[in-house]
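Asks: Got a predicted structure here, sequence first:
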Amino acid sequence: MEYLRDELKRRRAEVERRRFIRQRETPQHRPIPGSAQVPNSAGGYTWAVDDWTRLHRFLVLGSEGGSYYASEAKLSAENADAVLRCIAADGPRVVDTLVAVSEAGRAPKNDAALFVLALCAARGHDETRRAVIEALPRVARIGTHLFHFVAFVDALRGWGRGLRQAVGNWYNARPARDLAYQALKYQQRDGWSHREVLRLAHPKAPDEPHQTIYHWIAKGWEWVGEMPHPDVALQQIWAFERAKRAGSAEELTELIRTYRLPREAVPAHWLAKPQIWEAFARRDADDGPVAQSRHAHAFGRIDRRWSGHATRHGPADQSRMATEGPRASHCRVVSAQNLRARPRRTWSAHVAADCLRDRRPGCCLLRHV
């Protein structure tokens with residue numbers, strides 16, 4: 001009897017031990033015995049990833065909106081700590097990584113890459129900061145990106161010589177015609193304007209057209225004549241100044257068609273005129289026919305005659321979509337469906353169908369609509 005009693009206790013202990021230590025099946029709330037699993041935000045256990053993997057995930061996914069189990073603030077703080085450790089270990093590698101992700105269009109938004117670039121400019125050593133100077137024009141490809149970067153870096157550090165050189169190179173390295181377009185289309189973002197950035201960066205103009213553009217940004221032009229500016233690179237700015245003084249929709253329409261003015265360069269009170277939206281639809285604006293058609297059809301300004309112009313993608317749009325990635329391009333299409341904030345802005349059925357039909361093959365758009 002004594003032997004049977006001891007054997008029963010031993011077997012019960014074995015069963016109890018197997019309940020907590022399972023080789024083939026382990027509960028989610030317990031780590032696998034003998035593994036290096038760590039707790040996750042969902043209350044379970046998972047395998048830890050190194051800082052470089054977290055850096056790549058942050059560059060691609062970001063932290064906007066948080067996740068199901070973690071808030072946006074918590075994710076941002078955790079990812080920032082991992083990024084800082086990567087910068088301390090190998091800053092130039094961090095810059096190369098964010099440039100590769102940004103240029104390949106693997107992220108739906110460029111904000112994470114700009115934030116990491118600002119951290120490199122603030123916390124990196126001399127070699128890392130030199131890499132930031134070279135990488136800024138490649139990552140901040142438009143004025144909006146530059147303003148995002150400036151907002152990030154201004155909160156992290158002061159405006160030393162290296163930062164002034166990096167921002168100044170962004171302006172000086174651009175052709176005068178492209179710089180004029182950037183100044184017109186992206187006039188201000190995140191509380192920053194080109195005038196404020198130039199005041200802090202103090203770039204030295206490489207030629208006369210750049211100097212003229214800097215003077216216009218800082219002080220405006222004292223006088224604008226009826227004849228176009230003799231320099232082709234500055235004619236778009238001249239057209240913008242004339243658009244502010246336009247006395248008729250026909251005059252403004254001619255300026256839009258001839259000098260390819262972006263929508264942001266047109267005074268707001270003219271946007272209620274159907275002729276203005278037809279002018280935008282007739283030419284493939286660099287700011288995107290899909291975005292144009294969203295606004296135009298939302299206000300009922302363009303009928304079906306011009307929908308082909310508004311939804312056809314030119315080379316500039318194909319390049320933009322290739323850089324943004326399919327998710328961001330999809331977000332542009334469905335953003336007009338936000339009826340809570342803008343209950344009257346909707347697309348007609350044929351315009352939505354045309355936009356869906358003209359998307360690139362394999363962009364996953366139809367699977368998400």
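Replies: That came through, no problem.

Asks: Show me where this protein dips below the pLDDT cut-off.
Replies: Judged against pLDDT under 70, the low-scoring parts of the chain cover residues 1, 15-29, 34-37, 40-43, 46-47, 64-75, 283-369.

Asks: Ala151 and Leu179: what is the separation?
Replies: As judged by CB to CB, to the nearest Å, Ala151 and Leu179 stand 20 Å apart. (Glycine included, C-beta is placed from N, CA and C.)

Asks: can you check Trp223 too?
Replies: According to CB to CB, Trp223 stands 22 Å off from Leu179.

Asks: Let me know the secondary structure of His229.
Replies: Assigned with DSSP: H, G, I helix; E, B strand; the rest coil, His229 falls in the coil class.

Asks: give me the number of residues near the closest residue to it other than its chain neighbours?
Replies: Residue nearest to His229 in three dimensions, not counting chain neighbours: Trp238, with 4.2 Å by CB to CB, 6 or more residues apart in numbering. Trp238: 22 surrounding residues under other CB atoms under 10 Å.

Asks: same question, Pro108
Replies: Neighbour count of Pro108, defined by other CB under 10 Å: 19.

Asks: Gln235 and His229 touch, don't they?
Replies: Yes. Between Gln235 and His229 there is a contact at 5.1 Å, judged by CB atoms under 8 Å.

Asks: Trp223 and Leu179: which has the busier surroundings?
Replies: Comparing Trp223 with Leu179 by other CB under 10 Å, the one with more neighbours is Leu179, at 23 against 5.

Asks: mind listing what that one touches?
Replies: When contacts are counted by CB atoms under 8 Å, 6 or more residues apart in numbering, Leu179 touches Tyr171, His210, Ile213.

Asks: The last one is in contact with Ala183, isn't it?
Replies: Yes. The pair Ile213 / Ala183 is scored as a contact, 6.5 Å apart, by CB under 8 Å.

Asks: What is the longest helix of the chain by residue count?
Replies: Longest helix of the chain, by residue count under DSSP state H: helix 72-104.

Asks: Who are the packing partners of that helix?
Replies: When contacts are defined as 3 or more CB pairs under 8 Å, 6 or more residues apart in numbering; DSSP states H and E, helix 72-104 sits against helix 51-61, helix 111-123, helix 126-139.

Asks: Next, the angle from the last one to helix 111-123.
Replies: This points to helix 126-139. 150 degrees (axes from the mean of the first three to the mean of the last three CA atoms, to 10 degrees).

Asks: Determine the set of other helices and strands touching helix 126-139.
Replies: Contacts defined by 3+ CB pairs under 8 Å, 6+ apart place helix 126-139 against helix 72-104, helix 111-123, helix 143-154, helix 161-172.

Asks: make it 6 Å
Replies: Secondary-structure packing of helix 126-139 (3 or more CB pairs under 6 Å, 6 or more residues apart in numbering; DSSP states H and E): helix 72-104, helix 111-123, helix 161-172.

Asks: Equivalent analysis for the shortest one, please.
Replies: Packed against helix 51-61, as judged by 3+ CB pairs under 6 Å, 6+ apart, are the following elements: helix 72-104, helix 111-123.

Asks: quick one: Met227 and Gly220, what's the gap?
Replies: Separation of Met227 from Gly220 (CB to CB) stands at 19 Å.

Asks: neighbour count winner among the two?
Replies: Using other CB under 10 Å as the criterion, Met227 and Gly220 rank with Gly220 on top: 10 against 7.

Asks: so what's Ala89 up against?
Replies: Applying CB atoms under 6 Å, 6 or more residues apart in numbering, one finds that Ala89 lies in contact with no residue.

Asks: that's a strand at Val38, yeah?
Replies: Yes. Assessed with three-state DSSP, Val38 lies in a strand.

Asks: Would you check that it makes contact with Ala48?
Replies: Yes. If you go by CB atoms under 6 Å, Val38 and Ala48 touch, sitting 4.8 Å apart.

Asks: so what's Arg129 closest to, chain neighbours aside?
Replies: Computed as CB to CB, 6+ apart, the closest residue to Arg129 that is not its neighbour in sequence is Gly162, at 5.1 Å.

Asks: So what's the residue count around the one you found?
Replies: The local packing of Gly162 (other CB under 10 Å) involves 15 other residues.
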